[in-house]
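J.: generate a structure from the sequence data that follows.
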Amino acid sequence: MRALLVLEDGKVFKGSSFGVNGERTGEVVFNTSMAGYQEIITDPSYKGQIVVMTYPLMGNYGINKEDAESRRPFLEGFVVKEYSKIASNWKKEQSLGEYLKENNILGIEGVDTRKLTLHIREKGAMKAVLSTQDFDEASLIKKAKSCRGLIGVDLVKEVSISKKYNYSWAKDAKYKVAVLDCGVKYNILRELAANNCNVVVFPAQATCEEILEIKPDGLLLSNGPGDPAALDYVVKTVAGLIGKLPIFGICLGHQLLGLALGGKTYKLKFGHHGANQPVKDLRTGKVSITSQNHGFCVDIDSLNKKDIELTHVNLNDGTSEGLRHKKVPLFCVQFHPEASPGPRDAGYLFAEFTELMQRSKKRKR
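T.: Numbering: from 1, shown residues only. Alright, predicted model coming up:
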């Protein structure tokens with residue numbers, strides 16, 4: 001079926017539908033990963049966004065339950081150059097097209113994704129509409145311009161859980177970690193469990209008192225979608241927990257910690273979305289290739305340099321990718337150390353978190 005992707009600046013891209021029929025609006029961004037489309041589709045951080053894959057062929061190994069990174073896809077649409085009608089993999093349970101239809105997601109193929117990506121790089125990420133039912137370009141441009149976008153919008157409440165649950169619980173686990181779910185990826189929880197942690201997941205609306213009630217050894221602030229500046233209630237909770245227990249922030253969690261520490265965030269031109277972003281650890285000089293998915297960034301110059309240290313920078317554009325507090329036990333990174341998809345170069349950060357909790361335990365004795 002015919003499908004159109006129309007950007008708010010009037011640019012029109014034509015293709016064919018391979019998901020459900022209908023219409024969706026959102027911010028259009030591009031992802032440079034060559035594989036891992038299922039993990040990308042199921043990353044809750046893409047709520048409110050239409051994702052364009054720069055690698056031309058998608059769907060060739062199908063979909064399986066094991067590789068999902070959340071309970072369902074949250075993105076608004078999926079745009080590819082070519083959708084593979086043949087999917088071959090021993091783990092395959094269904095095709096990509098079947099999965100999109102099952103989860104009410106629009107997919108469009110046959111788009112000149114190279115041209116679209118170059119346009120976004122030049123003009124910046126922008127609002128768009130994806131439709132299989134309205135082909136009036138003037139009407140679609142109007143719809144794209146009037147959609148809510150991301151700035152100032154709380155999307156976390158649309159992806160977070162409604163009540164807390166135990167993800168993993170073992171009698172011999174060394175640490176108890178509270179995870180504030182702003183759209184957490186499952187592999188973050190898996191990595192914590194693999195690092196000898198019992199994991200209790202809380203809704204984003206949880207209060208300081210509710211989190212401290214379980215007497216955790218540490219707090220992990222998860223990834224998630226949208227504008228961190230719209231999450232006053234989460235920032236308030238995070239600020240109330242600083243200094244009371246070790247904290248590790250990932251992606252949106254990094255931005256929330258930056259705000260809780262008195263800093264500011266700003267929107268990037270087209271964000272970092274992909275599994276090939278080079279990041280330098282300023283403490284060691286080591287460069288890691290990282291998986292990333294964010295459109296906002298912490299303004300490191302807005303933070304108090306006496307207390308806050310910049311630990312990681314992006315080697316593509318020099319933006320801040322990590323920070324730590326010099327006096328209280330907390331650190332955070334803008335990239336995804338749990339990967340899925342992507343390289344696992346930065347997995348060492350989970351061990352750093354357990355070491356931070358161990359040191360904190362010793363000081364309390």
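
J.: just give me the longest helix of the protein.
T.: Longest helix in the chain, counting residues (DSSP state H): helix 348-364.

J.: which of the residues in it are buried?
T.: Within helix 348-364, the residues scored as buried using 16 or more other CB atoms under 10 Å are 349-350, 353-354, 356-357. No exception for glycine: its C-beta is placed from N, CA and C like everyone else's.

J.: export those to a markdown table and tack on pLDDT?
T.: Output for these, formatted as a markdown table (pLDDT from 0 to 100):
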| residue | pLDDT |
| --- | --- |
| Leu349 | 97 |
| Phe350 | 97 |
| Phe353 | 98 |
| Thr354 | 98 |
| Leu356 | 97 |
| Met357 | 97 |
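
J.: contacting residues around the longest helix of the chain?
T.: Outside helix 348-364, the residues within contact range by CB atoms under 8 Å, 6 or more residues apart in numbering are 174-175, 177, 191-192, 194-197, 217-218, 220, 245-246, 248, 329, 331, 333, 337-338.

J.: filter those residues down to the ones in helices?
T.: 191-192, 194.

J.: compile the buried residues of helix 348-364 into a markdown table and extend it with columns for distance to Leu241.
T.: Listed next are the buried residues of helix 348-364 as a markdown table, based on distance: CB to CB, whole Å:
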| residue | distance to Leu241 |
| --- | --- |
| Leu349 | 19 |
| Phe350 | 19 |
| Phe353 | 15 |
| Thr354 | 18 |
| Leu356 | 14 |
| Met357 | 14 |
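
J.: tally of neighbours for Gly22?
T.: Using other CB atoms under 10 Å, Gly22 is surrounded by 14 other residues.

J.: ok, it touching Gln133?
T.: Yes: judged on CB atoms under 8 Å, Gly22 makes contact with Gln133 at a distance of 6.5 Å.

J.: before we move on, back to that, which one (most neighbours) among the ones in helices among the contacts of helix 348-364?
T.: Counting neighbours by other CB under 10 Å, Leu192 comes out on top of the ones in helices among the contacts of helix 348-364 with 25 neighbours.

J.: that older thread, let me know the closest of the ones in helices among the contacts of helix 348-364 to Ile50.
T.: Nearest to Ile50 out of the ones in helices among the contacts of helix 348-364 is Glu191 (CB to CB; 28.8 Å).

J.: do you know how far that closest one is from Asp345?
T.: 14 Å (CB to CB, to the nearest Å).

J.: state the distance from Val156 to Ala229.
T.: 12 Å.

J.: okay, these two: which has more neighbours?
T.: Each of Val156 and Ala229 has its neighbours counted (other CB under 10 Å); Val156 has more, 29 against 18.

J.: report how many residues lie close to Tyr266.
T.: 11.

J.: follow-up on the earlier one: got the CA coordinates for the longest helix of the chain in PDB?
T.: Only the C-alpha atoms of helix 348-364 are listed here, as PDB (Å, rounded to 0.1, in the frame of the first residue of the first chain):
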ATOM      1  CA  TYR A 348      32.900  -2.000  32.500                       C
ATOM      2  CA  LEU A 349      30.800   0.800  33.900                       C
ATOM      3  CA  PHE A 350      28.500  -1.700  35.600                       C
ATOM      4  CA  ALA A 351      31.500  -3.000  37.500                       C
ATOM      5  CA  GLU A 352      32.300   0.600  38.400                       C
ATOM      6  CA  PHE A 353      28.800   0.900  39.900                       C
ATOM      7  CA  THR A 354      29.200  -2.200  42.000                       C
ATOM      8  CA  GLU A 355      32.600  -1.000  43.200                       C
ATOM      9  CA  LEU A 356      31.000   2.400  44.200                       C
ATOM     10  CA  MET A 357      28.300   0.500  46.200                       C
ATOM     11  CA  GLN A 358      30.900  -1.600  47.900                       C
ATOM     12  CA  ARG A 359      32.900   1.400  48.900                       C
ATOM     13  CA  SER A 360      29.800   3.100  50.200                       C
ATOM     14  CA  LYS A 361      28.900   0.000  52.300                       C
ATOM     15  CA  LYS A 362      32.400   0.000  53.900                       C
ATOM     16  CA  ARG A 363      32.100   3.600  54.900                       C
ATOM     17  CA  LYS A 364      28.700   2.900  56.600                       C
END
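
J.: secondary structure class for the spatially most central residue of the chain?
T.: The centroid of the chain falls nearest to Ser45 when counting by CA atoms, centre = their mean (3.7 Å). Taking DSSP: H, G, I helix; E, B strand; the rest coil as the rule, one finds Ser45 in the helix state.

J.: how far off centre is the helix or strand of the chain with the lowest mean pLDDT?
T.: The helix or strand with the lowest mean pLDDT-type score in the chain, counting by mean pLDDT, DSSP states H and E, is helix 348-364 (a mean of 92). Centroid separation for helix 348-364 versus its chain: 25 Å, with CA atoms, centre = their mean, to the nearest Å.

J.: which parts of the stretch 51-200 of the chain are strands?
T.: Assigned by DSSP state E, counting those that start in this stretch, the strands in the stretch 51-200 of the chain fall at 57-58, 77-79, 82-83, 106-109, 126-131, 165-168, 175-181, 197-203.

J.: pLDDT of the second one, averaged?
T.: Spelled out, that is strand 77-79. For strand 77-79, the mean pLDDT works out to 98.

J.: go on, the fifth one?
T.: Per-residue pLDDT over strand 126-131 has a mean of 98.

J.: what's the answer for the third one, then?
T.: What strand 82-83 shows for mean pLDDT is 98.
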